[in-house]
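Fold the following for me, if possible:
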Amino acid sequence: MKWTTANIKHANYTAKHELYVGTHTGSFKHLVPGSEKTPHGQSNLSELGSLDKESRVTSLAFGNEAETEILLGRAKNAVELLSFAEGGTSRKTVSFSSAPIVGLARYNDKLIAGIGNGQIQTLQLEVDEESEPVVITTGNQIDHLRQCAQVRSVVATGGKERQNNLKVYDLCSDAKQVFSSKNLPNDYLQLEVPVWDSDIGFVDGPSVLATCSRTGYIRLYDTRKQRRPVACFASEEHGMSFTTLVARGNFIYSGTTMGALKAFDTRRMKTHVHTYKGFTGGISDLHLDSTGRYLSSASLDRYVRIHDSESTVLLYQCYVKSKATKILIRQAKNESQVSEEDEREVQLDVEDSLKKSKRIKATPVDDEYENLFDQMPTVGDSEDEPAETNATQSKPKLKRKSVNQSLKPKKKKN
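Residues are numbered from 1 along each chain as shown. Below is the predicted model of the structure:
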């Protein structure tokens with residue numbers, strides 16, 4: 001499909017999905033691409049009046065395996081827990097001692113938050129009174145915190161510089177550190193290879209992890225074998241600065257600051273195997289659905305997209321009016337789920353278009369001007385042409401040259 005900035009939906013995209021999108025302005029939006037009536041309709045799940053400069057959405061994750069709870073973190077120390085039950089939507093706000101929130105996870109009755117200053121803070125949710133969070137120091141800075149979907153007690157952190165490299169913690173064993181990565185050997189000039197783990201992803205289990213970097217590399221680790229990466233991709237191209245990553249099976253999907261989304265095969269990491277097109281801004285977040293076939297992405301060009309991870313076809317694209325920073329995709333619990341606000345917005349758009357068409361049709365007509373044209377003879381009519389009606393016979397006929405004859409240049413006499 002060609003590059004376009006319009007809202008599109010591929011004819012072959014029939015899956016019933018819904019998207020949750022966090023933006024740079026702090027708004028939290030809900031979209032239902034599987035809706036037949038309003039596939040590009042948007043409803044806001046946050047109170048716009050309470051947003052400020054520190055309301056930017058910096059973390060978004062599901063709180064349980066059923067994907068009925070969403071954890072929303074912002075640039076400030078507040079975390080929102082949204083539960084989508086059959087009876088309705090419930091919201092709860094929890095505060096940590098530091099900010100910004102760069103990663104969220106939930107294990108049993110504990111809420112785990114990764115803080116930008118290098119801390120992992122844990123809070124008990126079932127306690128009535130507000131308690132002080134348990135703090136684990138991983139370094140002086142982290143960029144992201146990820147939770148393993150298969151073993152939810154395992155989390156991983158990564159950040160900039162060697163002291164903040166990839167680390168894995170097991171929350172069951174009193175938050176014990178079970179793995180710490182080791183950098184590659186020095187280069188041919190005996191200089192240290194720069195480390196910047198901008199995002200982390202678990203590859204179908206707690207033992208195999210993948211990291212991407214702003215310095216242009218993707219590394220694959222196996223905690224059962226060695227501390228150094230078992231496979232690595234390094235690019236010297238300008239603009240290959242990876243910002244986000246998601247992994248599943250034998251494939252790693254990573255986006256860059258220049259709007260490039262590429263897929264890598266863990267069995268041969270020398271080069272990428274797929275490239276996904278359609279982006280005009282840096283990619284800020286990626287998320288796969290439960291089947292692993294549909295790859296959703298949030299971009300700073302204010303669009304959210306869904307690609308087919310196998311065929312790389314752009315299936316869905318929607319403009320969300322703000323810079324999209326985080327995204328989640330899940331199977332729609334109710335296939336006919338369309339919010340009243342979405343229907344109202346679509347109805348207003350239809351009414352506006354009808355009003356504009358009526359306004360155009362209601363343009364006043366000058367009768368004298370129209371009669372003048374009715375009485376004028378047609379250019380190019382001959383004198384021998386029979387008259388059709390008596391009214392036309394009474395009109396005086398004028399000799400006129402045709403348009404083609406008037407445009408012919410005159411011949412010069414010798």
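
switch to C-alpha atoms for all contacts and neighbour counts from now on
Fine.

helices or strands up against the one helix or strand Ser254 maps to?
Taking DSSP states H and E as the definition, one finds Ser254 inside strand 251-256. Judged by 3 or more C-alpha pairs under 8 Å, 6 or more residues apart in numbering; DSSP states H and E, strand 251-256 is in contact with strand 242-248, strand 261-265, strand 283-288.

Columns mean neighbour count and distance to Gly201 on top of the ones you listed, output as a markdown table?
Putting these into a markdown table (neighbours: other C-alpha atoms under 10 Å; distance: least, C-alpha to C-alpha, whole Å) gives the following:
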| stretch | mean neighbour count | distance to Gly201 |
| --- | --- | --- |
| strand 242-248 | 24 | 5 |
| strand 261-265 | 20 | 13 |
| strand 283-288 | 25 | 11 |
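
Could you point out which of those sits nearest Val193?
When the helices and strands packed on strand 251-256 are compared by C-alpha to C-alpha, strand 242-248 sits nearest Val193, at 16.4 Å.

Pull the CA coordinates from that closest one and hand them back as PDB.
C-alpha atoms of strand 242-248 as PDB (Å, rounded to 0.1, in the frame of the first residue of the first chain):
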ATOM      1  CA  PHE A 242      16.400   2.300  18.100                       C
ATOM      2  CA  THR A 243      13.800   3.500  20.500                       C
ATOM      3  CA  THR A 244      11.400   0.600  21.200                       C
ATOM      4  CA  LEU A 245      11.300  -3.100  20.900                       C
ATOM      5  CA  VAL A 246       9.000  -6.100  21.100                       C
ATOM      6  CA  ALA A 247       9.800  -9.700  20.600                       C
ATOM      7  CA  ARG A 248       7.900 -12.900  20.000                       C
END
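
What is the neighbour count of Ser235?
Neighbours of Ser235 under the rule other C-alpha atoms under 10 Å: 14.

What separation do you get for the residue lying closest to it once chain neighbours are set aside and Ala11?
Excluding the flanking residues, the one nearest Ser235 by C-alpha to C-alpha, 6 or more residues apart in numbering is Gly216, at 5.5 Å. In this view, Gly216 and Ala11 are 36 Å apart by C-alpha to C-alpha, to the nearest Å.

ditto for Phe202
Phe202 is 33 Å from Ala11, by C-alpha to C-alpha.

Could you state which residue of this structure sits nearest its centroid?
Taking C-alpha atoms, centre = their mean, the centroid of the chain lies closest to Ala298, which sits 1.8 Å from it.

Could I get the pLDDT score of that residue?
According to the prediction, Ala298 has pLDDT 97.

From the contact counts, what lies against the helix or strand where it lies?
Using DSSP H and E, Ala298 sits in strand 294-299. Packed against strand 294-299, as judged by 3+ C-alpha pairs under 8 Å, 6+ apart, are the following elements: strand 283-288, strand 303-308, strand 324-331.

Reformat those as TSV; add mean pLDDT and distance to Gly34.
Listed next are the helices and strands packed on strand 294-299 as TSV, based on pLDDT from 0 to 100; distance: least, C-alpha to C-alpha, whole Å:
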stretch	mean pLDDT	distance to Gly34
strand 283-288	96	16
strand 303-308	97	12
strand 324-331	96	9
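
And these: which comes nearest Ser198?
The closest of the helices and strands packed on strand 294-299 to Ser198 is strand 283-288. By C-alpha to C-alpha, the value is 11.0 Å.

for that closest one, packing partners?
If you count contacts as 3+ C-alpha pairs under 8 Å, 6+ apart, strand 283-288 packs onto strand 242-248, strand 251-256, strand 294-299, strand 324-331.

Count residues in the vicinity of Asp308, would you?
Neighbours of Asp308 (other C-alpha under 10 Å): 17.

Please apply the same query to Leu191.
By the criterion of other C-alpha under 10 Å, Leu191 has 9 neighbours.

Over to Lys110?
When neighbours are defined as other C-alpha under 10 Å, Lys110 has 15 of them.

Would you check that Asn186 makes contact with Glu192?
Yes. The pair Asn186 / Glu192 is scored as a contact, 4.9 Å apart, by C-alpha atoms under 8 Å.

give me phi/psi at Ser173?
Note on Ser173: backbone dihedrals following degrees, to the nearest 10 are phi -100, psi 50.

my bad, should have said Leu48
Torsion angles, degrees, to the nearest 10, at Leu48: phi -70, psi -30.

repeat for Arg162
phi -60, psi -40.

Thought Asn183 was touching it, still the case?
Yes. Arg162 lies in contact with Asn183 (C-alpha under 8 Å); the separation is 7.4 Å.

what touches both of the two?
Shared contacts of Arg162 and Asn183 (C-alpha atoms under 8 Å, 6 or more residues apart in numbering): Val195.

Mind listing what's buried along stretch 147-167?
147-149, 152-167 (16 or more other C-alpha atoms under 10 Å).

Surely the residue nearest to Ser235 is in contact with Cys232?
No. Between Gly216 and Cys232 there is no contact under C-alpha under 8 Å: 10.8 Å.

which residue sits closest to Lys53, ignoring its sequence neighbours?
Thr25 (7.3 Å).

thinking again about what came up before, so which of the buried residues of stretch 147-167 sit within helices?
If you go by DSSP state H, the buried residues of stretch 147-167 have nothing in helices.

list the buried ones in stretch 323-335?
Applying a neighbour-count criterion of 16+ other C-alpha under 10 Å, one finds 323-332 buried in stretch 323-335.

likewise stretch 110-129?
Buried residues in stretch 110-129, defined by neighbour count with 16+ other C-alpha under 10 Å: 111-124.

related to what we said a few turns ago, looking at Phe202 and Ala11, which one has more neighbours?
Phe202 (27 against 8).

who does the more buried one bridge with?
Counting by DSSP bridges, Phe202 forms beta bridges with Leu209.

quick one: it and Cys148 touch, right?
Yes. Here Phe202 reaches Cys148: they are 6.0 Å apart, a contact under C-alpha under 8 Å.

Next one, pLDDT for the closest residue to Asn44 other than its chain neighbours please.
Using C-alpha to C-alpha, 6+ apart and skipping the chain neighbours, the partner closest in space to Asn44 is Lys29 (4.5 Å). If you check Lys29, the pLDDT there is 95.

ok, now which ones touch Lys29?
20-22, 42-46.

so it sits in a strand?
Yes. The assignment for Lys29 is a strand, going by DSSP: H, G, I helix; E, B strand; the rest coil.
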